[in-house]
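**Student:** Structure, please.
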Amino acid sequence: MSIPISDVVQIIRSKNAGPFEITFDLIFKSKESFEKVLQLEVFTRERIASLYRIKPEDVLCIASYPPALALKITIARRKPSGGIGETDTFGAQQHAPLLDVTIPAER
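**Tutor:** Residues are numbered from 1 along each chain as shown. Now for the predicted structure:
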């Protein structure tokens, strides 16, 4: 059995990290959930690449920040912010695929 990531985080958001990158912030509700997600390696380059249909090398950073119970993921943008054919100038609507992530429930 598994639970949606949205049950253990209080914030999931995306935003520009410059014109060529998008960053995602996940801020967890509890230290236990944060540590469990890290221990289980829920977020890997391969998983993020699969969710966003990009190459693993385009997942630029997956970093944890324990004092804030936060995880930051940065990916390369497909098109530069504000470029021709780009659909989300601020990168604010790109977090939705992360909502499909589940983690194993406690037994």
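**Student:** count of neighbours near residue 6?
**Tutor:** 14 (other Cβ atoms under 10 Å). To be clear about C-beta, it is placed using only N, CA and C from the backbone, and glycine gets the same treatment.
**Student:** so the residue nearest to it when sequence neighbours are not counted, which of the three states?
**Tutor:** Using Cβ to Cβ, 6 or more residues apart in numbering and skipping the chain neighbours, the partner closest in space to residue 6 is residue 99 (5.8 Å). Following DSSP: H, G, I helix; E, B strand; the rest coil, residue 99 is assigned to helix.
**Student:** List the residues that contact residue 99.
**Tutor:** Residue 99 makes contact with 4, 5, 6, 12, according to Cβ atoms under 8 Å, 6 or more residues apart in numbering.
**Student:** Report pLDDT for it.
**Tutor:** Per-residue pLDDT puts residue 99 at 94.
**Student:** low-confidence ranges in the protein?
**Tutor:** For the chain, the stretches flagged by pLDDT under 70 are 107.
**Student:** What segments of the chain are helices?
**Tutor:** Using DSSP state H, the helices of the chain run over 31-39, 45-52.
**Student:** what's in contact with the first one?
**Tutor:** Under the criterion Cβ under 8 Å, 6+ apart, residues 5, 8, 9, 28, 43, 64, 66, 69, 70, 71, 103 lie in contact with helix 31-39.
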